[in-house]
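Q: Take a look and give me a structure for this.
(2 chains)
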Amino acid sequence: MKKKVFGNIYTVLIFLFLYMPIAVLILYSFNGLNSTSEFEGFSLKWYRELFSDSATLNALKNTLILAILSAIISTVIGTMASYGINKMQNKHVKSATMSVTKIPMVNPDIVVGISMMLLFVFVGGIIGAKSNLGFGTVLIAHITFNLPYVILSVLPKFKQMDKSLPEAAQDLGCTPIQSFLKVELPAILPGVISGLIMAFTLSLDDFVISYFTIGSGFETLPIRIYSMTKKRVTPDMYALSTLIFVSILILLLVSNLTSDKNREKMSKKAKKITKIVVSAIFAVIVIITAIVLIVTASTETLTLNVYNWGEYISDGGEDTLDVNKAFTEYYEDWYYKEYGKKIKVQLNYTTYASNEDMYAKLKSGATGYDIVIPSDYMIERLKKEGLIQPLDLNKIPNYENIMEEFRNPFYDNGEEKYTVMYTYGVIGIVYNKDRLNQEDLEKIENGEAGWELLWDEDYKGQILQFNNPRDAMGTAMYSLGINVNTATDEEWQIAFEKLREQKPLVQSYVMDEIFNKMEGGEAALAAYYAGDCMTMSAANPSLGFYYPKNADGKISTNIFADAMCIPTAAENTELAHAYINFMLSEEPAVANAEYLYYASPNKLVVNNEGYRESLGEDYDVIYDSDLEGSLEYMFENYAYRNLPDEKLHLLNSLWETLKVDSAAFGGGIYIVCAVIAAVLIAFAIYAYIIKRKRRKLYWTPKAKEQSIQKS
Amino acid sequence: MNKKSLMQKAAAAPHMVWSVLFIIAPLIFVVYYAFTDKEGNPTLGNITELAQASYLEVFIRSVCFAFLATVICLIIAYPIAYFMSKAKPRTQKILIMLVMLPQWLNFLIRTYSWMALLEDTGIINTILGYMNIGPLHMINTSGAVILGMVYNYLPYMIIPLHSVISKIDPRVLEAASDLGCSPLRVLVRVVIPLSVSGIVSGVTMVFVPSISTFYISQKLGGGNFDLIGDTIERQFQTAYNYNLGAAMSFVLMLIIVISMAVMNRYSGEDDGGVIV
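A: As a prediction, the model looks like this:
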C-alpha cells in the first residue's frame, strides 16, 4: 500500500515536470501584456490577434500543405516498397535495403539536414539552378525522413498476411493488381493508415531538417517559431499552440474513449457513424486544402520575398501601420487601376539575425529573395561577389526623398546605384538602472562612460555580448582604440584576448534575444544597436542608454547604415522596385521610423511634425547633435568595411575559438560524468565476470550444443 | 511467374532509387565536403582543425552532457515505466497518451517556455521569492542545458521501457518471489535483465538527439556551452564554412556509430529492441 502511494506521488511529480512549460504557455496565451515576465489580467486579445496575423496563418497553411503532400507521397512509395521488400528472395539485398531505409531514422536530424543541404547545393551548382533551395527541396527532405516510418509500420502487416491469400485470389481469376487492391490492401490497411498518420505528424513537427533545406519565401510554422524565439515570441503563437494542444487532447480523448470496451459495446450503426464522421473530417481537411490551393492558383499571384532583420519593420502591432500589408493593398489597387486586372500580391517576409546569417543563406543558393536589407560592409561584399544588382532609379521616383548626403555612401558611391538607404544608426550601450551602482550611474549621467563598463567585474554574469563576430570584435576594438578596418593581425589578436577576458563576465551571447533579456530585467549591460536600445527602454522604464565615449570625450562607436538591395537572382525585380519606392513614401517611412527608433535618411520623415512630436525627447537622442555633427567623420572612420578574405578568415577562426572555448564553465560536470562512467564500467566488468563464472558452473556440453544450434 | 516477379521488383524500385539519391548520395557528399577545401581540392585540413583543443572540448562537452542527460532520463523513467505497467490496462493507455501529448507541441516553443520558468526573474524564482528563498541562478548554466535535454527526450525513454516492462509475464515475478526473492532482488535479478532491450532502445533514442541538439544549449545555456550541434549549425547558417561543418558531422556520426556498437555489444544479441 505504501509502495502504491509512493508510486502515485512519483507519477504525479513526473507529469508535473512534463506539463509545467505547457501550463506556462497556456497561461501566457491569456496574458493582457506582451511579456513572459509579467502577467496582467485575463484577456483573449492574442486569440483575436492570431486570426489577423497573416504571416502565422500562412506558415500554418504551408506546414499543412507540406505535411499532407509528404505524408501521401511517402505512404505511396513506402507501401509499394514494403510490398516489394516482403517479396524479395535474396536475403542480402533485403537486409541491405532495410539498413539503408533505416538510416534517416538512426542518423541525427542535423546530419540528415546538412547532408541533404550539401546535395542540393552541390547539384544546384552543377546544373546552374537559379535557386538551389525551395519548396521542392523541403518536400524531398520530408518524404525521405518519413519513408522509414511508413515502411516499418506497413512491412509487418505484409509479413503477418497469409501468403496463400493473394495466390488464392489469383487462382480464382484476379489479375495481380486486382488481387492487390481487393485482398492485400484491406489486410495491410491499418498499417498504411498508421504510417500515414505518423508521417503526417512527423512532418508537421519537424524543425531541424526543414531548417537546413528550406529556401526563400516558404516558411513553415516551426521555422517561424524559431525565428520568433530568436527575438520575442508574440503571445499569439502561444494562443496557436494552446489551440493545437487542446484540439489534440480532445482528439486523443475521443479516440481513447471510443476504443476498446466501448467499441465492442457500440452497435453496428454507431460504428458506421464514427467511420463516416472520421472520413468526413478527413475529407473536409482535404477539401479545404484543395480550395485554398485552387483559390490561390485562380487569381494571378505575384510573389515578393523580402528578407530583413528581425524587428526591423513596422508590423501592425499595437496600432501601428502594417507596412507590408499596406504595400500589398497599395500595389493591388495600383495594378487594377493601371491594367484593369485583379491580382494578388503574396508577400513572404522572413527575417535573419545577423548580416552573416543572411550572407550564408544567399550563398547556399536560397536566392529567391527579391529584397534584402543588409548593412554597409556586407553590401560591399555582396557587390564584390555579384550577388546584388544595380537599381533602375527610374522605377523609384521617391528616391528624391533621400537626403543628398545619404545618396553616395562609401559602400555605394559609383555611377550605378545598388542600394537605397533604409536607416542609419550607431551602437550604444543599454543598461539597467536598478542593477548598476551609483558611481557608474553618475558617470553615465555626466557623459563620461565608455566601453569599460562591459568589462567591469562588478557586473559579472549580467553582461550581454553580441553573438556575431564583427560586432563583438568591434566592441573590443573601439574600447582599445584600434581601427576596425585597418587592424593588423596582432591587433586582431589583442582584441580577441580582450573578448576572451570578458567571457567569464558574459551572461550570454545574444542577437535579437536581447529584447527579452533586457526588458525582463535579466541583465545589467549590453552593447546593441541604438534604435533597438531605445525600443527596449520604451518597454521597460528602468532601462537607460548612452553612446560610449573614448578618453577625449568623443563618441567612439560603430556607425552603420542598412540599405535595401535587390539580389541578382531576384525573381520579380519589377515588384521589388515598387516595394523600395513604396518604402520611401511618407506614410510607411514615418511608420517605420517611429517604430524602429533608428535615424532615417528620408527628408519626408525628418521634416514630419507628427514624427517629431510622437518621439518627443527621443528625437534629440536619435538625431543627437554630437552625432549629427560628426556623421561624415564617423562613417569615414568607424563604419565597418568589407574585410579582405584573409582577414575575414582570421576573424571567423578567432570567433570560433572564442565561442567553443569555455575554460571558465562546467568543470564539475566532467567530474560527475567521469564518476558515473567509471561506476558503469565497473558494473559492466563485474556483471561480465559473474556471467562467466556462472557459465562455467552451469554450462554442460549439452547446453552448449543447444545454444550453438540456436545461433 | 517472370512477369509477376518483375512487378514485385518494380514495386520496390521507386524506394530504392529514392534511397540512393536522397539517403546515400547526401552521405557521400558529407564525406566529400569533409575531406576537401573550399576549392574542392582534397585535404585533411578540416579534420586536423577539429583536433584543436577548443574543438576537442566541444566534443567532450557534448558527449558528457548527452551521457548525463541519458543517465538521468533512465533513472527518472525506469520507476515511472514500472509503476505505469502496474496500473490497469485502461489507465496505462491514458498514461501513455499523457506522456506523449507534450511531444505534439513544437519542441522549440516548449524549450522557450522553460526560459520563462528558469530566468533569474522568472516564474520559479518569483514563487521561491514568496517563500523567501533564492533567487537561484538557473538559466545559462550547464544544469539548465541538461534539464532541457531531459525534458525534451524523457518520453522517448519512458515509452520503450514501459512497452518492455509491461510485457514481462507476471508469473515469472511470482515464481521469483515464491522462490524466496525479496522485492528488490526480483527487480534487480529479474525485471531489469528482462528489460534490457527497452533500456537499449530508450538510451539510443535519448542519446542520439541529445548529442546532436543545437537549439537547447543556445536558449537555456545562453550560448556559453557550445555543443557539436551548435558548431555544425554555425558553420552552415552563419560562418559559411561547409567543409568544416561536414567534417564535424562526419565525426559526430562516427561517435554515434561507435557508442551504438559498444552498447549493442554490451547488451548482448538484442537487435535494438522496440522502436515506437
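
Q: so what pLDDT did the residue most central in space within chain B get?
A: If you average the C-alpha coordinates of chain B and look for the closest C-alpha using C-alpha atoms, centre = their mean, you land on residue B:206, 2.4 Å from that point. You'll see residue B:206 listed with a pLDDT of 94.

Q: Would you confirm that residue A:322 contacts residue A:330?
A: No. Shown here, residue A:322 and residue A:330 do not form a contact pair, counting by C-beta atoms under 8 Å, at 11.8 Å. To be clear about C-beta, it is placed using only N, CA and C from the backbone, and glycine gets the same treatment.

Q: for chain B, which helix is longest?
A: helix B:53-86 (DSSP state H).

Q: near chain B, which residues of the stretch 601-711 of chain A?
A: Of all the residues in the stretch 601-711 of chain A, those in contact range of chain B (C-beta under 8 Å from any C-beta of the partner chain) are A:652, A:655-657, A:659-662, A:665-666, A:669-670, A:672-673, A:676-677, A:684.

Q: Mark which of those residues are part of helices, please.
A: Mapping those onto helices (DSSP H) picks out A:652, A:655-657, A:659-660, A:669-670, A:672-673, A:676-677, A:684.

Q: give me every residue that touches the closest residue to residue B:216 other than its chain neighbours.
A: Taking C-beta to C-beta, 6 or more residues apart in numbering or on different chains, and ignoring the residues beside it in sequence, residue B:216 has residue B:148 as its nearest neighbour in space, at 3.9 Å. If you count contacts by C-beta atoms under 8 Å, 6 or more residues apart in numbering or on different chains, residue B:148 has them with B:111, B:114, B:216, B:217, B:219, B:220.

Q: quick one: which of the residues you listed is most hemmed in?
A: residue B:216 (29 neighbours; other C-beta atoms under 10 Å in any protein chain shown).

Q: Mind checking the pLDDT average for the helix or strand harbouring residue A:647?
A: Assigning secondary structure by DSSP states H and E places residue A:647 in helix A:645-660. Confidence for helix A:645-660, expressed as mean pLDDT, is 86.

Q: Format the ones in helices among the residues of the stretch 601-711 of chain A next to chain B as TSV; extra columns: neighbour count and distance to residue B:87.
A: Putting these into TSV (neighbours: other C-beta atoms under 10 Å in any protein chain shown; distance: C-beta to C-beta, whole Å) gives the following:
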residue	neighbour count	distance to residue B:87
A:652	20	55
A:655	22	53
A:656	23	51
A:657	16	53
A:659	22	47
A:660	22	46
A:669	20	36
A:670	15	39
A:672	14	34
A:673	19	34
A:676	15	31
A:677	15	34
A:684	12	32
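
Q: Closest one of these to residue A:181?
A: Proximity of those to residue A:181 (C-beta to C-beta) peaks at residue A:684, which lies at 53.0 Å.

Q: Which positions within stretch A:383-398 qualify as buried?
A: Applying a neighbour-count criterion of 16 or more other C-beta atoms under 10 Å in any protein chain shown, the buried positions in stretch A:383-398 are A:383, A:387, A:388, A:389, A:390, A:391, A:396, A:398.

Q: Would you point out the most distant pair within those?
A: Maximum pairwise distance in the buried residues of stretch A:383-398, criterion C-beta to C-beta, is 24.7 Å, between A:387 and A:398.

Q: who are the neighbours in contact with residue 10?
A: Assuming you mean chain A. Remark: with contacts taken as C-beta under 8 Å, 6+ apart, residue A:10 is in contact with B:79, B:80, B:83.

Q: please go with chain B instead
A: residue A:84.

Q: Now it: which helix or strand?
A: Counting by DSSP H and E, residue B:10 is found in helix B:2-19.
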